[in-house]
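Asks: Just need the structure, nothing else, for what follows:
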Amino acid sequence: MEQPSDLSGKLLIAMPGMGDTRFDKSVIFLCAQSEDGAMGLIVNKPAPDLSFDTLLEQLEIGRSPHTRDIRVHFGGPVEHGRGFVLHSSDYGANSSTLEVDESFGMTATLDILEDIARGEGPQEALLALGYAGWGPGQLEEEIQQNGWLVADADASVVFARDDATKWVAALKGLGIDPMLLSGAAGRA
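Replies: Numbering: from 1, shown residues only. Here you go, the predicted structure:
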C-alpha cells in the first residue's frame with residue numbers, strides 16, 4: 001500500500017514486536033517529513049523525575065498565579081537536551097513556531113515556556129525533551145516493514161492527561177483492538 005509522501009501532522013503508532021524498546025507502545029506526533037527525513041515527538045512517555053515546575057526553576061523562568069502545569073515527556077532518543085513544545089494552533093505569534101497543520105504547532109524556543117508561565121500560552125501543550133528522527137526513506141521503510149501504523153492526529157489523544165491510555169486510544173481511533181495485534185509481519 002502506498003503511503004502519502006508527507007505524513008506531517010499524523011500519528012505513528014508503534015506495532016508490537018517492533019524490536020526497538022525505546023519505542024515500545026509509543027505514539028509519535030510527526031512534526032515534519034520531507035525527502036530529507038522526518039522528525040516527531042513521542043507524546044505518551046512521561047519524562048522520569050522531571051516536572052514542569054522543576055524545569056522552570058532550572059531555566060530561571062518565574063511562575064505566575066496563572067501558570068498551567070504542562071507535562072514533560074521523553075520526546076525521543078535524539079538530542080535529549082533540547083525541548084520542544086507541541087501545542088494547539090491558537091499559539092502562533094512567535095515566528096519560530098512551526099505550523100504543522102490547522103490544529104497543531106511546534107515551538108522550540110524559550111518564549112513559549114515564558115508565555116505558559118505567565119498564563120498566556122496555548123490552550124493545549126506538552127513539552128518533549130528530545131525527539132525521534134529518521135533519515136531519508138527510513139520512516140517509509142519502517143512503515144512498510146510493519147513497524148508503525150499511521151493515523152490522523154486527534155488532539156484529544158495527543159493532549160490527553162493520561163499518557164498510559166494514549167496507545168490504546170490511538171489504535172481504537174483506527175478501529176483496531178490492541179488485543180488482536182501481532183508482532184509478526186505477514187506476506188500475502
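Asks: for the chain, what spans make up the strands?
Replies: 10-14, 27-34, 37-42, 72-74, 78-88, 98-99, 104-107, 125-134, 148-152 (DSSP state E).
Asks: mean pLDDT lowest for which of those?
Replies: Per-stretch mean pLDDT for the strands of the chain is lowest at strand 98-99 (a mean of 86).
Asks: Please enumerate the helices of this protein.
Replies: With DSSP state H as the criterion, the chain has helices at 52-58, 110-117, 138-144, 155-158, 166-173.
Asks: and the angle for the second one with strand 78-88?
Replies: What it means is helix 110-117. 50 degrees (axes from the mean of the first three to the mean of the last three CA atoms, to 10 degrees).
Asks: Let's see helix 110-117 as PDB, backbone CA atoms only.
Replies: Extracted C-alpha coordinates of helix 110-117, given in PDB (Å, rounded to 0.1, in the frame of the first residue of the first chain):
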ATOM      1  CA  LEU A 110      12.100  29.700  25.500                       C
ATOM      2  CA  ASP A 111       9.400  32.300  24.500                       C
ATOM      3  CA  ILE A 112       6.700  29.700  24.700                       C
ATOM      4  CA  LEU A 113       7.700  28.500  28.100                       C
ATOM      5  CA  GLU A 114       7.800  32.100  29.400                       C
ATOM      6  CA  ASP A 115       4.300  32.600  27.900                       C
ATOM      7  CA  ILE A 116       3.000  29.500  29.500                       C
ATOM      8  CA  ALA A 117       4.500  30.500  32.800                       C
END
